[in-house]
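[1] Let me see the structure of the following:
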Amino acid sequence: MVRQAVGDREVEKNSTSRKIKTIASEDEEKAYQEIRDAFDTDVVKIFVCLPDMKFDTMNLDESKQVAEMYYSYDGETIGYIINMPYRDSSLGVDFEDPIEKKYSKEIHGCKMNITLYKIEDSKVPKCVAKFKYGSIEYLLMGTMDEQDFEKILKNLVFPK
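    Just a heads-up that it's a prediction; the model follows:
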């Protein structure tokens, strides 16, 4: 048993009971339900809106309150991270690739910070969007045309 202070809370970690749930391919709806149950709130969902795009897997770490969802599209993986942060902690991602373009866009009343990274030997960039909705942080990333990436962003399903 490990005790650790997080913010001004004390968190107990029992290494044997660390639960990570994984849901594979067919059941995207079940994956979102697991996240909803673990976070006790509805989350922004991806709507599969591109041809050949499909849900692959979801990993949910209830102790860290982080869900990672993976979709496949055009031979690439799209990653979608849903993070219920502890007060001051935040989701950070660092790519070594040079930044091609950086901008913000408001979609469904939500400000999204979008960065396109130039990938060596690739015509398409790695697209990354970070946004916050309610108290939850989201990170969507994938290697694809900017138009396809924005189509996914425009089709996100926000909770009512």
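[2] going forward, measure contacts between C-alpha atoms and count neighbours the same way
    Fine.
[3] Show residues contacting the helix or strand containing residue 33.
    Residue 33 belongs to helix 28-39 when assigned by DSSP states H and E. Identification of contacts with helix 28-39 by C-alpha atoms under 8 Å, 6 or more residues apart in numbering yields 23, 42-43, 45, 55, 57-58, 60, 62, 65, 67, 84.
[4] Return the closest of the residues you listed with respect to residue 97.
    Here the nearest of these to residue 97, counting by C-alpha to C-alpha, is residue 67; it sits at 25.0 Å.
[5] All the helices of the chain, residue numbers only.
    Applying DSSP state H to the chain gives helices spanning 28-39, 146-154.
[6] how about the last one: buried residues?
    Applying a neighbour-count criterion of 16 or more other C-alpha atoms under 10 Å, the buried positions in helix 146-154 are 146, 149-150, 152-153.
[7] CA atoms only for that helix, dumped as CSV, please.
    Extracted in CSV, the C-alpha atoms of helix 146-154 (Å, rounded to 0.1, in the frame of the first residue of the first chain):
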residue,chain,number,x,y,z
GLU,A,146,-6.5,18.9,-42.0
GLN,A,147,-10.0,18.8,-43.6
ASP,A,148,-10.7,15.3,-42.4
PHE,A,149,-9.4,16.2,-38.9
GLU,A,150,-11.7,19.2,-38.8
LYS,A,151,-14.6,17.1,-40.0
ILE,A,152,-14.1,14.8,-36.9
LEU,A,153,-14.0,17.9,-34.7
LYS,A,154,-17.1,19.4,-36.2
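[8] from here on, count from 7
    Renumbered: residue one is now 7, and that last one reads helix 152-160.
[9] Output the contacting helices and strands for that helix.
    Of the remaining helices and strands, none touches helix 152-160 by 3 or more C-alpha pairs under 8 Å, 6 or more residues apart in numbering; DSSP states H and E.
[10] Let's see that with 10 Å instead.
    strand 105-113, strand 116-123, strand 132-139, strand 142-149 (3 or more C-alpha pairs under 10 Å, 6 or more residues apart in numbering; DSSP states H and E).
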